[in-house]
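S.K.: Make a model of this:
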Amino acid sequence: MGKMIEALGEAVRSRLTEKQSEIHRTTKGRVGFLLKKEGTVAKVAERLGVSARSVHRYLKGERKTPPDDIAARIEAEVRKDWKPGLQRQAAKEARRRPVTVNTRAAFGYQASATGTTSPDGRLRNFRKTLPAEYAERLLEAQENGDEAEAQKVLAEYLQDEYFREGREGKAGEVEVSITDIDFIDVTLH
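M.R.: Numbering: from 1, shown residues only. I've put the predicted structure just below:
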């Protein structure tokens, strides 16, 4: 998976985590939620990697604080199933809002009118808030796991807003490409 796809996925997960803050707080409530989803204690035990007896203890409230690694597993498993529509909802909301991209990447360009080219590009720092129409296309590329398409969308934005700056003529014929990404951070608004 490419750096842009990972950054976009992390932004969606971060947004989702904000919405998932209301999961059960107690171990008993969390394990009870998993039992409702799985149907049997044996399946919950298998999913958590603990014994069926441990699951019974959690459900009865006899064991309120499991070891840290098991508590983390319980929370992670609950978050996987907690309100499954939240991830779709978070992505849908994000598509209608701007997205901020902070990156250090190599941008190459080719000006067709002058023949000037920079295929290898140079590393540049870039922090811009892209309008919602670009955010929608970026998130669509992320859902499809298409790193090349995500880079193309970002390059189009740079081409239209950063390099051309609304100018016509020679500057309007610049084609931008991303040749390397050093780091990238994406924030959904």
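S.K.: Domain map for this structure?
M.R.: 22-82, 94-188 (automatic domain parsing).
S.K.: Could you say which one of the ones you listed comes nearest to Val12?
M.R.: domain 94-188 (6.8 Å; CB to CB). Every C-beta, even on glycine, is put in place using the N, C-alpha and C of the backbone.
S.K.: could you give the mean pLDDT of the closest one?
M.R.: Mean pLDDT, computed over domain 94-188, is 80.
S.K.: ok, now how distant is Gly2 from Gly9?
M.R.: Distance from Gly2 to Gly9, counting by CB to CB, to the nearest Å: 10 Å.
S.K.: How about the contacts made by Gly2?
M.R.: 147, 150-151, 181 (CB atoms under 8 Å, 6 or more residues apart in numbering).
S.K.: what do you get for Glu175?
M.R.: 109-112, 159.
S.K.: Determine which two of these are furthest apart.
M.R.: Across these (CB to CB), the longest gap, 12.1 Å, separates Ser112 and Gln159.
S.K.: Of those two, give the one with the bigger neighbour count.
M.R.: Gln159 (17 against 12; other CB atoms under 10 Å).
S.K.: All the strands of this protein, in order from the start?
M.R.: Chain-ordered strands for the chain, with DSSP state E as the definition, fall at 99-111, 117-130, 174-188.
S.K.: For the shortest one, C-alpha coordinates in PDB please.
M.R.: What follows is the C-alpha trace of strand 99-111 in PDB, where atoms were taken according to Å, rounded to 0.1, in the frame of the first residue of the first chain:
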ATOM      1  CA  VAL A  99      -9.300  17.900   3.200                       C
ATOM      2  CA  THR A 100      -5.900  19.300   4.300                       C
ATOM      3  CA  VAL A 101      -2.800  17.600   2.900                       C
ATOM      4  CA  ASN A 102       0.600  18.300   4.400                       C
ATOM      5  CA  THR A 103       3.300  16.600   2.500                       C
ATOM      6  CA  ARG A 104       7.000  16.700   1.400                       C
ATOM      7  CA  ALA A 105       7.100  15.300  -2.000                       C
ATOM      8  CA  ALA A 106       8.900  15.500  -5.300                       C
ATOM      9  CA  PHE A 107       6.700  17.200  -8.000                       C
ATOM     10  CA  GLY A 108       7.800  17.100 -11.600                       C
ATOM     11  CA  TYR A 109       6.400  19.200 -14.300                       C
ATOM     12  CA  GLN A 110       6.300  19.500 -18.000                       C
ATOM     13  CA  ALA A 111       5.300  22.800 -19.800                       C
END
